[in-house]
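1. here is my input; please provide its structure:
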Amino acid sequence: MEFEQIYRMYFTDVFRYIRKLSGDEQIAEEITADTFFKAMNAIDRFRGDCDIRVWLCQIAKNCYYSYLKKKKRMELVDDPELLNLADQGENLEEALARNEETLQIQNILHELPDPYKEVFMWRVFAELSFKQIGQIFEKSENWACVTYHRARMMIKSRWEEQQNET
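-> Down below sits the predicted model:
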């Protein structure tokens, strides 16, 4: 398969994954471009032991984390929903409360230990199957499923703890 064909087939998947991860369309565009540049330079080292989409999303995730380190930002910042409040006719207080909840959940997610954080992000943001996630970690599909559900329970538990503290 030629690299141009790979680019056309998987650009949208990688872009969507990074947009969900970052919450920012411009960052997603920048990271996606960087991802395909790095993938083009490394395509000869692709061993084929996982789906090429998974390989590209791994590169994208690494590019995104490198971006965050460079910018010294570990929180997701812009919430496009707040920009469209007037259009939605939503109460400002409700929108701000929802935005605060989103940030709290994102902070909880970033505090999760690996592999729980990684598995959760692959499942939710990249929409990978448990089989694909298992391949990334060289584990079984069942392991990926169990790890994902444990991550969900950790997030839910920490969220409830935070709510009880306030």
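2. make it CA atoms for all contacts and neighbour counts henceforth
-> OK.
3. and this structure, what are its domains?
-> Domain assignment of the chain by automatic domain parsing yields the ranges 1-74, 91-166.
4. of the ones you listed, which shows the lowest average pLDDT?
-> Mean pLDDT across the domains of the chain is lowest at domain 91-166; the value there is a mean of 80.
5. off-centre distance for that one?
-> 10 Å (Cα atoms, centre = their mean, to the nearest Å).
6. can you lay out the domains of the chain as CSV showing mean neighbour count?
-> Converted to CSV, the domains of the chain look like this (neighbours: other Cα atoms under 10 Å):
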stretch, mean neighbour count
domain 1-74, 16
domain 91-166, 16
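7. can you name the residues in contact with the longest helix belonging to the chain?
-> Using DSSP state H, we find that the single longest helix of the chain is helix 141-165. Around helix 141-165, the neighbours that count as contacts under Cα atoms under 8 Å, 6 or more residues apart in numbering are 104-105, 108-109, 112, 115-117, 119-120, 123, 130-135.
8. contacts only, for the residue nearest the centre of the chain.
-> With distances taken as Cα atoms, centre = their mean, Leu21 lies nearest the centre of the chain, 3.4 Å away. Leu21 makes contact with Met121, Phe125, according to Cα under 8 Å, 6+ apart.
9. please report the distance of it from Trp122.
-> Going from Leu21 to Trp122 by Cα to Cα, to the nearest Å gives 10 Å.
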